[in-house]
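**Student:** sharing a model prediction with you, sequence too.
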2 protein chains.
Amino acid sequence: MTDDPITTGTSRRAFLRGTAAAGAGLMAAATTARAEGPDPLITDVQPWASEFGDPVDAAPYGAPIRFESHVVRRNVEWLTESPVSSINFTPIHALEGTITPQGCAFERHHSGAIELSKADYRLMINGLVETPLVFTYEDLTRFPRHVMTAFCECAANGGMEWGGAQLEGCQFTQGMIHNMEYTGVLLRDLLAEAGVKPEGKWVYVEGADASSNGRSIPLEKAMDDVMVAFFANGEALRKEHGYPVRLVVPGFEGNMWIKWLRRIGIYDQAVEGREETSKYTDMMPDGRARKWTWLMDAKSVITSPSPQAPIRHGAGPLVITGLAWSGHGKVARVDVSVDGGKTWAPARLSGDVKSKALTRFHYDMNWDGQEMFIMSRCIDETGYVQPTKQALRDIRGVNNVYHNNSIQVWWVHADGEVENVEIA
Amino acid sequence: MTDDPITTGTSRRAFLRGTAAAGAGLMAAATTARAEGPDPLITDVQPWASEFGDPVDAAPYGAPIRFESHVVRRNVEWLTESPVSSINFTPIHALEGTITPQGCAFERHHSGAIELSKADYRLMINGLVETPLVFTYEDLTRFPRHVMTAFCECAANGGMEWGGAQLEGCQFTQGMIHNMEYTGVLLRDLLAEAGVKPEGKWVYVEGADASSNGRSIPLEKAMDDVMVAFFANGEALRKEHGYPVRLVVPGFEGNMWIKWLRRIGIYDQAVEGREETSKYTDMMPDGRARKWTWLMDAKSVITSPSPQAPIRHGAGPLVITGLAWSGHGKVARVDVSVDGGKTWAPARLSGDVKSKALTRFHYDMNWDGQEMFIMSRCIDETGYVQPTKQALRDIRGVNNVYHNNSIQVWWVHADGEVENVEIA
């Protein structure tokens, strides 16, 4: 693929002259019962061009336009027993770029999203520290602030796919992920404030919600790039994302990104609480559970076309787009195949490529209008290559829920509809 | 300033042990009438820790938590004659990081924000082209897509300050700016599709709203980095930001970022329409109007502390933060002065520094609790230094509305309140 737009644009000129006319004709058909001739949307003065729109005091805080009401989080009721201990999915099939708006970024709660004010907020650091501390929200805002973009992926993202192509739609198969720009303070600054004792090796982080969701993090990671965040995408965290304070653990599974962060305990060993023993471990073929698989391996998915984003236009120029990421660092390359993996070609990486953050890729092709099996493959800066589902099954078996980073295959039909499938 | 958090953290350890205790005492006083002893928010089980929160189907598209209801766009009624031809302001005093959420990003309309569906959308390219074209929205989505972050600043941002320190609050003095990650196609790809004739030197871009807001852009800029955008911050453009299609003109004044883009006309000279003659020109001291001052020069502003964001805590560690940008490229350095410009020290640039995009800076200090005159100064990659207001007045006079990129001074009182002032 070339990233020279002029070359690409010119090469398809003849084609798009065609569609421009066709497009106009189509609309004429829809609006004037197949009338011959010009497009009234071009030739006639339209209401929106002759009447006032909304004034500047109409929406102090705006919302998406009504035409985009389908771009929302969705949950799958049968997946979980209770909606307060459940998950919903980011509509990644309808988004572009790299940022995920807070309003439609997936949620995972263990006892629901709580309402906690800054005035009522407290953060305790205790355990193996020189000085146990309690911080108010304001105390935290007085430490040096940093800005960092990171992806947050649930360990169970793609989990239903272990047993086959079960969920129809990119949102449901791969939508337990979001990517935001966070501002906050570094956990290592708070730990330095309390003074970690030499025997302190593990950091237990705990939320203020009723589930008191808690996880153990090795001190090395805690002293590296873990952030205690207040802002996401420029504004305060939303309630469902941990307002007023959440933990950001770049590259690690989402369950460790504790929301409504209440306590940081320093210990000489891992706590091994419920969420890191009975949950968030990987069942291996021999029946043993593999623990502490925190790092999210390199992965990618084509977001459009996909089952919820079929091709509505015919053959000709087609933009394939998707997301790629790696918990180990930067995405080095994304390959796309449109023939079920027989041949691969590199996609364009669009915008910035940040470490441990979502990377957007685009693949520009000329579609012949025939069925295709499309898939993407991420290679990260460590050289790791995203595996096929079968390659993962050979090692991990099929009794898994977590850490499925295998290649997702979409079957594009000749009519533009798309299906979630597996290929041998 | 050091950017080594551990050093910084340790250096203030003694202090914050103090505030942690104090903070707890303060809250105890507020909640239990000066009761001695422990903080009930630590010692007692709280409702949010013993009851379920919201389920995952509570908000398919979320909104900010009610505690943040003050973080909204605001307008100033006396500034303009009609709210449909007016402006509102981004609450930059309350935001952090670099991204501006669409929901609170400033709006400037000339006849109100219109509602235009993708089905009804048309984009015409005519004038000095080989083939006049009409694109539907779908046609546009078939060109190669790109991702680009850029600031959009109204030419009148800070305009009221020419005559003195008139508006109280960072939101009102400097809030006609936002910064988003856009996804769309390059204007040069669409122009290549139509084929610009050799005599075509100017591109006139026009909106579909009743004001048919239009501006002339030199062909060189149009063929460089101008984007026809569909997405902002990952999702579709909001209605008030030009849904479904707006122009992104990196580094150029906001008025040229045509919303609801309807037509692109290629001509051999500038159209010199209303918005580039009677408006958006600079009145010079001799009474002549300087035109075509499209590029927004390097600028910065301290967003907190500021009049709407006073210091609520006492002396000791204080985080000063703000935004810097340049229409000429990247921000190279931001200096901060806390003594009215007598001495300056470099601030930390936090997160990515992108060309023609907002850059966040932080300055960590120990406040002695005395009054301060705080200001920031941006130096961009061309070596240009943000001027004082007086330096600009010496050249431009005071009969101006547009292009005030001078240094903003805040007077921090000993009680933490902040005022908009000028200093000799």
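**Tutor:** It's in.
**Student:** which element is the residue nearest to residue A:351 when sequence neighbours are not counted on?
**Tutor:** Using CB to CB, 6 or more residues apart in numbering or on different chains and skipping residues adjacent in sequence, the residue nearest residue A:351 is residue B:147, 3.1 Å away. In short, each C-beta sits where N, CA and C put it, glycine included. For residue B:147, the host element (DSSP states H and E) is strand B:145-153.
**Student:** same check, this time on residue A:193
**Tutor:** Going by DSSP H and E, residue A:193 is part of helix A:187-194.
**Student:** ok, residue A:377 next?
**Tutor:** strand A:372-380.
**Student:** is chain B contacted by that strand?
**Tutor:** No. Strand A:372-380 does not reach chain B (CB under 8 Å from any CB of the partner chain); its nearest approach is 15.4 Å.
**Student:** and that strand, what other elements does it pack with?
**Tutor:** The contact analysis (3 or more CB pairs under 8 Å, 6 or more residues apart in numbering or on different chains; DSSP states H and E) places strand A:372-380 against strand A:299-304, strand A:316-325, strand A:331-337, strand A:409-412.
**Student:** please save the CA atoms from it in PDB.
**Tutor:** Extracted in PDB, the C-alpha atoms of strand A:372-380 (Å, rounded to 0.1, in the frame of the first residue of the first chain):
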ATOM      1  CA  MET A 372     -13.400 -12.200   1.100                       C
ATOM      2  CA  PHE A 373     -12.000 -13.600   4.300                       C
ATOM      3  CA  ILE A 374     -10.400 -10.600   5.900                       C
ATOM      4  CA  MET A 375      -8.100 -10.600   8.900                       C
ATOM      5  CA  SER A 376      -5.400  -8.500  10.500                       C
ATOM      6  CA  ARG A 377      -2.100  -9.500  12.300                       C
ATOM      7  CA  CYS A 378      -0.200  -7.300  14.700                       C
ATOM      8  CA  ILE A 379       3.600  -7.400  15.100                       C
ATOM      9  CA  ASP A 380       4.900  -5.500  18.100                       C
END
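**Student:** angle of that strand against strand A:316-325?
**Tutor:** Taking axes from the mean of the first three to the mean of the last three CA atoms, to 10 degrees, one finds strand A:372-380 and strand A:316-325 inclined to each other by 40 degrees.
**Student:** state the next helix or strand along the chain beyond strand A:372-380.
**Tutor:** Next along from strand A:372-380, by DSSP H and E: helix A:389-396.
**Student:** what's the neighbour count on residue A:286?
**Tutor:** Look at residue A:286: counted by other CB atoms under 10 Å in any protein chain shown, it has 6 neighbours.
**Student:** that one: what secondary structure?
**Tutor:** Under DSSP: H, G, I helix; E, B strand; the rest coil, residue A:286 falls in the coil class.
**Student:** tell me the spacing between it and chain B.
**Tutor:** 34 Å (CB to the nearest CB, to the nearest Å).
**Student:** just to revisit the earlier point, residues in contact with the residue nearest to residue A:351?
**Tutor:** A:96, A:97, A:98, A:350, A:351, A:360, B:181, B:182, B:183 (CB atoms under 8 Å, 6 or more residues apart in numbering or on different chains).
**Student:** hmm, 6 Å instead?
**Tutor:** Shown in contact with residue B:147 (CB atoms under 6 Å, 6 or more residues apart in numbering or on different chains): A:97, A:350, A:351, A:360, B:183.
**Student:** how close does it sit to residue A:232?
**Tutor:** 19 Å (CB to CB, to the nearest Å).
**Student:** repeat for residue A:185
**Tutor:** In terms of CB to CB, residue A:185 sits 14 Å off from residue A:232.
**Student:** give me the more crowded residue out of the two.
**Tutor:** Neighbour totals were compared for residue A:185 and residue A:232, and residue A:232 leads with 31 against 23 (other CB under 10 Å).
**Student:** just checking, the more buried one touches residue A:181?
**Tutor:** No. Using CB atoms under 6 Å, residue A:232 is not in contact with residue A:181; the gap is 7.0 Å.
**Student:** thinking again about what came up before, who's in contact with the strand holding residue A:377?
**Tutor:** A:298-300, A:302, A:322, A:324, A:326, A:328, A:331-338, A:340, A:385-386, A:407, A:409-412, A:423.
**Student:** let's see 8 Å
**Tutor:** A:298-302, A:305, A:320, A:322, A:324-326, A:328-341, A:344, A:347, A:361, A:385-386, A:407-412, A:421, A:423.
**Student:** ditto for stretch A:67-85
**Tutor:** So stretch A:67-85 is contacted by A:64, A:86-91, A:94-95, A:104-107, A:109-112, A:160, A:167, A:171-172, A:211, B:52-57, B:59-62, B:117-118, B:235-236, B:243-244 (CB under 8 Å, 6+ apart).
**Student:** so how far is residue A:365 from the nearest residue to residue A:338 once chain neighbours are set aside?
**Tutor:** Leaving aside its chain neighbours, residue A:338 sits nearest to residue A:372 (4.7 Å; criterion: CB to CB, 6+ apart). According to CB to CB, residue A:372 and residue A:365 sit 9 Å apart.
**Student:** any residues in contact with both of those two?
**Tutor:** Any residue near both residue A:372 and residue A:365 by CB under 8 Å, 6+ apart counts here, and that gives residue A:338.
**Student:** neighbour count for the two, which is higher?
**Tutor:** residue A:372 (23 against 16).
**Student:** ok, how many other residues are close to residue A:37?
**Tutor:** Residue A:37, neighbours per other CB under 10 Å, totals 10.
**Student:** next: residue A:168.
**Tutor:** 14.
**Student:** give me the three-state assignment for it.
**Tutor:** With three-state DSSP as the basis, the three-state label of residue A:168 is coil.
**Student:** next one: it, what pLDDT does it get?
**Tutor:** As predicted, residue A:168 sits at a pLDDT of 84.
**Student:** if I pick it, what's in contact with it?
**Tutor:** For residue A:168, the contacting residues are A:307, A:419, A:420, by CB under 8 Å, 6+ apart.
**Student:** those in strands, which ones?
**Tutor:** A:419, A:420 (DSSP state E).
**Student:** of the contacts of residue A:168, closest to chain B?
**Tutor:** Chain B lies nearest to residue A:307 out of the contacts of residue A:168, by CB to the nearest CB, at 18.1 Å.
**Student:** what sits against that closest one?
**Tutor:** Residue A:307 makes contacts with A:93, A:168, A:169, A:170, A:410, A:417, A:418, A:419, A:420, as judged by CB under 8 Å, 6+ apart.
**Student:** what is the neighbour count of the last one?
**Tutor:** When you say that, I think you mean residue A:420. Neighbours around residue A:420, by other CB under 10 Å: 21.
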